[in-house]
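need a 3D model of the following:
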Amino acid sequence: MIFLRSAIIAVLLVPAAVVADVADTTAEIEYLLNTLGSSECTFVRNGERHNAERAEEHLRMKHRRGKRYVTTAETFIERLASRSSMSKKPYWVDCPDDEPVPSGDWLMQRLSEFRAAR
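Residues are numbered from 1 along each chain as shown. Reported below is the predicted structural model:
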């Protein structure tokens, strides 16, 4: 009887854990998109330079269309926000007073900072 009760409790708790994970992932991705969009950085996509607001719009569109491929903020970065899905060329973030860096590196750094602040 104790085993059955423990099994039932475990099954009931799993959805709560999944909901919490989804909420955390959503908050992290939102943070990344907002941080990029409000930065003074230039986003380089397929050799063309775009302002930060346009970069945010583009990555939001990719996220909207590719949500099924995203289970964590890391998979968002790796699968959708690091390179062009068409040309496979890497995206770059070019911020004032810094060297351009691959967008995946830039976003992973922001994600680390976000997590450390929580």
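
distance of the residue nearest to R83 when sequence neighbours are not counted from E99?
Distances taken as CB to CB, 6 or more residues apart in numbering place P90 nearest to R83, at 4.7 Å, with adjacent residues excluded. For the C-beta atoms, the positions are set from N, CA and C on the backbone; glycine is no exception. P90 is 14 Å from E99, where distance means CB to CB, to the nearest Å.

neighbour-wise, which of those two wins?
Neighbour count, other CB atoms under 10 Å: between P90 and E99, P90 has more, with 15 against 7.

surely A55 and E40 touch.
No - taking contacts as CB atoms under 8 Å, A55 lies outside contact range of E40: 11.6 Å.

the helices in the chain, which residues?
For the chain, the helices defined by DSSP state H occupy 2-37, 52-66, 73-79, 103-117.

in CSV, list the ones you listed along with distance to N46.
Below are these laid out as CSV (distance: least, CB to CB, whole Å):
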stretch, distance to N46
helix 2-37, 17
helix 52-66, 11
helix 73-79, 17
helix 103-117, 12
